[in-house]
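[1] Sequence first, then the predicted structure, then my questions.
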Amino acid sequence: MNLSYLILLPLFGFLINGVLYLRSTRNSKKVSAELSGGIATVAMLLSFAAALYNFFLLRQLPAEGQLFDQMLFPWFKLAGMSVDFTLRLDPLSSVFCLVITGVGSLIHLYSIGYMHHDAAPAKYFAYLNLFCFMMLNLVLGATMPHVFFGWEGVGLASYLLIGYWYHDPEKVGAGMKAFVMNRIGDIGFLVAMFIAYKFVGSLDFIQIANTPLNPEMTTTLGLLVFFACTGKSAQIPLFTWLPDAMAGPTPVSALIHAATMVTSGIYLLARMHTTIEASATTLSVIAAVGACTAFISAVIACAQTDIKKILAYSTVSQLGFMFVACGVGFTIAGVFHVMTHAFFKALMFLGAGSVIHALHEEQDVFKMGGLRKKLPITFWTFVAGWAAILGLPPFSGFFSKDEILIQSLQSPHGSMPLFLVMMAAAFLTAFYMTRLLVLVFLSPSRMGQGVEKSVHESPLVMTLPLMVLGVASVVGGWFGLPIHEAHVEEAAGSSGRFIMLASVALALVAAFIAYKKYGKTTKVEQVNDIAREGFKIDAFYLSFFGNGTKNVARWMGNLIEQQVIQRMIRWTVAIVDLSGNLLKVAQVGSSQAYLMMMFLAIFAVLAWFLFGVGQYAKF
């Protein structure tokens, strides 16, 4: 079993495309999307094949011994502790490797068509491969520093991809916002590493899990890890960066903000689940924050008019579901939802990209409509994703979402209020996703005549990934991959069956309401401005932290300038002026006077030596 191929193949793709891009800047010859995209896609497909091969090898090991470590090289030594650059494959990391490389390969293939007319596709595909390389390091790292290396690497790559069209200040600002807000959360990761090193003496995840800590330290470590996850996985209070991150190319949204990067937080919680589940306080905080995020994001999504922002807030809401699963001590369900969500949300983002591509970059859902017959493949695959996110049987989302709903009530760490909030979030999810489906595909056309005449289905290189993801959205819930053995049946007990039926019924009711409301829409809806702007949370952050920091800096600058620097200058001037006035008394301009002063000074010195303390001086 050789794990190095998993990370080296995307790295080679990054290096090759990077060299091609640098050469193109020198000879002014554009590298085609077919060439650069082909290199990047082949690298990802080979990495997926390696992940699949290692997955089956892992499955052949005994259930209690499904773990393989490969040390690539010694990394660094710190105070007698040696940290190696070690790759670790176990059931958890194998699930994420298959999602990253499998869904990533499809998104790379889709990008060949989507970025066909871009000025520098080689740079774009180099960034995509770099992101996948870092993401694989994140999930394969055996130690906290190794995971942190990938953690920061995906942050850098996402910054480059979100702000890829850097000539647009809005896109650059979105990339910077994502980078800064992720760094805020990363403080928690760093402090958690320091604590683990101090009290465990090791940064290896296995040793951390096997080392008992006192309850206070366990809670502290768990909450710090969770705070790090709120940044990367866009939970309250660090969730406002993700909707703005939709400024990047749509395949980037599908890769980073639907299938891989934003699920990094779930991975870290699952990797450290032993420590986290040892603290009831940590579990309660995670569940509460996840539920609030799921519900609030769903409300905001109902008021959005941009097709990508609807999906962005939907992603934030679904991440809330995953956090609730971890918060009720049922991490396995959260990881399962990561997998199914990767299928249907990547599908919906790529479907949105197909629509945007067909409508010449139009993203307002109230300027669409009637696309069902004009984009048949996009429509039917989008329907598969819609049914999966609603949780309708037998689609993939039904298995993972309903499992989370059941455990939010039946788990020892669950509760009725938590369950009701999650059911409300599920209801709103069905409403806004049906609203999106109807406004884009089923309602009367609201497009301009010129746009409507030119609408056509996307090329095969873009529709093929849609079809593959559509199939995965249908059948993906029927297999749990390595977590299947630990999978708890949703229908355990009569209450479980009732919750499943209630969830499906609630989703159908919400879908019916949305269809009746928007099925015949011919004009723009007057949405609630407060909800559309995310309850002004982003504006508050800008006012309080952004402008507040500027005001504090300005006040401190004035204080230091006026009270310290200016006073120092004035006192210096006064001292120099006083000393000058004192010295000028002696400057009379007479030789006789200067001679007299010299003799007086000599007599004073002699008197000091003869009659004063000078007689005791030692030379």
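    Everything's here; your move.

[2] Burial check on Met499, number of neighbours?
    I think there's a mix-up here, since residue 499 is Ile and not Met. For Ile499, the count of nearby residues is 23 (other CB atoms under 10 Å). No exception for glycine: its C-beta is placed from N, CA and C like everyone else's.

[3] Show me the strands in this structure, by range?
    For the chain, applying DSSP state E gives strands covering 68-78, 81-89.

[4] what packs against the last one?
    Other helices and strands packing on strand 81-89, by 3 or more CB pairs under 8 Å, 6 or more residues apart in numbering; DSSP states H and E, are helix 4-27, strand 68-78, helix 121-140, helix 144-162.

[5] need the least confident one among these, by mean pLDDT.
    Least confidently modelled of the helices and strands packed on strand 81-89 is strand 68-78, at a mean of 88 by mean pLDDT.

[6] for that strand, which positions count as buried?
    Phe68, Gln70, Trp75 (16 or more other CB atoms under 10 Å).

[7] and that strand, what other elements does it pack with?
    Other elements packing on strand 68-78 under the criterion 3+ CB pairs under 8 Å, 6+ apart are helix 33-59, strand 81-89, helix 144-162.

[8] Please name the strands paired to that strand in the sheet, noting orientation.
    Using DSSP bridges, strand 68-78 pairs in its sheet with strand 81-89 (antiparallel).

[9] Just tell me which of the helices and strands packed on strand 68-78 ends up closest to Leu255.
    helix 144-162 (8.1 Å; CB to CB).

[10] quick one: buried residues of that closest one?
    Buried residues in helix 144-162 (16+ other CB under 10 Å): 144-155, 157-162.

[11] how much space between the residue lying closest to Met348 once chain neighbours are set aside and Pro169?
    Spatial nearest neighbour of Met348, excluding adjacent residues (CB to CB, 6 or more residues apart in numbering): Gly385 at 4.3 Å. Distance, Gly385 to Pro169, using CB to CB, to the nearest Å: 33 Å.

[12] Tell me which of the two has more neighbours.
    Each of Gly385 and Pro169 has its neighbours counted (other CB under 10 Å); Gly385 has more, 31 against 9.

[13] which residues touch the more buried one?
    By CB atoms under 8 Å, 6 or more residues apart in numbering, the contact list for Gly385 reads Phe343, Phe344, Lys345, Leu347, Met348, Gly351, Leu469, Gly470, Ser473.

[14] Please name the residues that touch the third one.
    It stands for Lys345. Ala254, Ala258, Ala259, Leu311, Ser314, Thr315, Gln318, Gly385, Ile389.

[15] which of those residues lies closest to Asp577?
    Using CB to CB, those come closest to Asp577 at Thr315, 68.3 Å.

[16] For the stretch 451-600 of the chain, which segments count as helices?
    Counting by DSSP state H, counting those that start in this stretch, the stretch 451-600 of the chain has helices at residues 460-475, 493-518, 529-532, 537-541, 548-559, 566-586, 591-611.

[17] Compare those helices and give me the one nearest Met81.
    That would be helix 548-559 among the helices of the stretch 451-600 of the chain, by CB to CB, at 37.4 Å.

[18] Just give me how far the closest one sits from the chain centre.
    Relative to the chain's own centre, helix 548-559 is displaced by 31 Å; criterion: CA atoms, centre = their mean, to the nearest Å.

[19] Ok, stretch 578-596 next?
    The chain centre lies 75 Å from the centre of stretch 578-596; the measure is CA atoms, centre = their mean.

[20] what about that stretch, start to end distance?
    Stretch 578-596 stretches 25 Å from its first residue to its last (CA to CA, to the nearest Å).

[21] Can we start the residue count at 58 from this point?
    Got it, first residue is 58 now, which makes that one stretch 635-653.

[22] Contacts for it, please.
    Met654.

[23] re earlier: export the helices and strands packed on strand 125-135 to CSV and tack on distance to Asp175?
    Shown next, in CSV, are the helices and strands packed on strand 125-135 (distance: least, CB to CB, whole Å):
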stretch, distance to Asp175
helix 90-116, 7
strand 138-146, 33
helix 201-219, 13
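
[24] Of these, which is nearest Leu68?
    helix 90-116 (8.5 Å).

[25] could you say what helices and strands the closest one packs with?
    Identification of packing neighbours for helix 90-116 by 3+ CB pairs under 8 Å, 6+ apart yields helix 61-84, strand 125-135, helix 148-171, helix 178-197.

[26] which of those sits most buried?
    helix 178-197 (a mean of 27; mean count of other CB atoms under 10 Å).

[27] counting contacts, what elements does that helix pack onto?
    Looks like helix 178-197 contacts helix 61-84, helix 90-116, strand 138-146, helix 148-171, helix 201-219, helix 321-328 (3+ CB pairs under 8 Å, 6+ apart).

[28] rerun at 10 Å
    Using 3 or more CB pairs under 10 Å, 6 or more residues apart in numbering; DSSP states H and E as the contact test, the elements touching helix 178-197 are helix 61-84, helix 90-116, strand 138-146, helix 148-171, helix 201-219, helix 307-311, helix 321-328.

[29] That helix: how far from the chain's middle?
    Distance of helix 178-197 from the chain centroid (CA atoms, centre = their mean) equals 14 Å.

[30] My understanding was that Ser321 contacts Ala285; is that so?
    Yes. Using CB atoms under 10 Å, Ser321 is in contact with Ala285, at 9.3 Å.

[31] Between the two, which has more neighbouring residues?
    Ala285 (28 against 24).

[32] dump the residue contacts of that one.
    Going by CB atoms under 10 Å, 6 or more residues apart in numbering, Ala285 touches 205, 208, 239, 241-250, 295, 321-322, 325-326.
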